[in-house]
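A.B. asks: only geometry, no sequence info:
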């Protein structure tokens, strides 16, 4: 649904700073999670510069961890590119959900903001939009905050990587951090019983697809199924 004239989005410093404030708690956990990536990157043979550049240019936690699993010699470049593409196709759906907020803005502001979009910042942005926020700089402020924590955590983890083992991450519970962050985000996005159907369909399709489809197609399948059901619900 397109915004009405009175809902026309703006792009101002106030929205940028609001995005920063709202995202700071998540940035703390993202920094710790990025440190885990840095440790594993170091143990996979990446240098400090290579790990930092991956976090700065890719900026996608799930894709980066998957890339590390495929990081062997000789490097399977096309396999890594294709696998991470499939994992990140969900960003097409996420970007489409933000269209009502961004469609009236100049392309430079839209694409400059979307580059920093992650699952976490997208969830926060959708929540703010539903609650009436129309300053689209919120998306950029949120993304920049998480980006800073992610790259900084990667650097710290890579530096410390030689002193830690993968078993240490499990013992300290850091391997559960990814699931904990997304559980918290889901709780914040919950709008009531009407969300049960699309969420349930998305989860069911993802689980079934996990068994029947190779690779990470189950992420896209669950996302599309849940989005279709949610759209039909809202149109009804």
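C.D. replies: The structure has been received and is ready for your questions. Given the structure is predicted, the values throughout are model-derived calculations rather than measurements.
A.B. asks: which helix is the longest one in this structure?
C.D. replies: helix 13-43 (DSSP state H).
A.B. asks: so which bits of whichever helix or strand comes after that helix are buried?
C.D. replies: Following helix 13-43 in sequence order, the next helix or strand is helix 48-57 (DSSP states H and E). If you call a residue buried by 16 or more other CB atoms under 10 Å, then helix 48-57 has these buried ones: 51, 52, 54, 55. For every residue, glycine as well, the C-beta is placed using N, CA and C.
A.B. asks: and which of the residues you listed is nearest to residue 28?
C.D. replies: Set against residue 28, the nearest of the buried residues of helix 48-57 by CB to CB is residue 55 (16.4 Å).
A.B. asks: in what helix or strand does the nearest residue to residue 70 once chain neighbours are set aside lie?
C.D. replies: Nearest non-adjacent residue to residue 70, counting by CB to CB, 6 or more residues apart in numbering: residue 80, 5.1 Å away. Here residue 80 is covered by helix 77-88, with elements defined by DSSP H and E.
A.B. asks: list the contacts of the helix or strand just after that helix.
C.D. replies: Heading C-terminal from helix 77-88, the first helix or strand you meet, by DSSP H and E, is helix 90-97. Surrounding helix 90-97, the residues in contact under the criterion CB atoms under 8 Å, 6 or more residues apart in numbering are 114, 117, 119, 122, 126, 219, 220, 223, 224, 227.
A.B. asks: from the chain's centroid, how far away is helix 90-97?
C.D. replies: 11 Å (CA atoms, centre = their mean, to the nearest Å).
A.B. asks: and the angle from it to helix 77-88?
C.D. replies: 40 degrees (axes from the mean of the first three to the mean of the last three CA atoms, to 10 degrees).
A.B. asks: tell me which residues in helix 90-97 are buried?
C.D. replies: 90, 91, 94.
A.B. asks: okay, now the unreliable bits of this structure?
C.D. replies: Along the chain, segments meeting pLDDT under 70 span 1-7, 162-191, 215-216, 220, 231, 234-236.
A.B. asks: tell me where it has strands.
C.D. replies: Shown for the chain, no strands are assigned by DSSP state E.
A.B. asks: what segments of the protein are helices?
C.D. replies: Going by DSSP H, the chain shows helices at 13-43, 48-57, 61-69, 77-88, 90-97, 99-102, 107-114, 119-130, 137-160, 166-171, 177-189, 196-212, 217-235.
A.B. asks: can you say which of those is packed in most?
C.D. replies: Among the helices of the chain, helix 137-160 has the highest mean neighbour count (mean count of other CB atoms under 10 Å), at a mean of 23.
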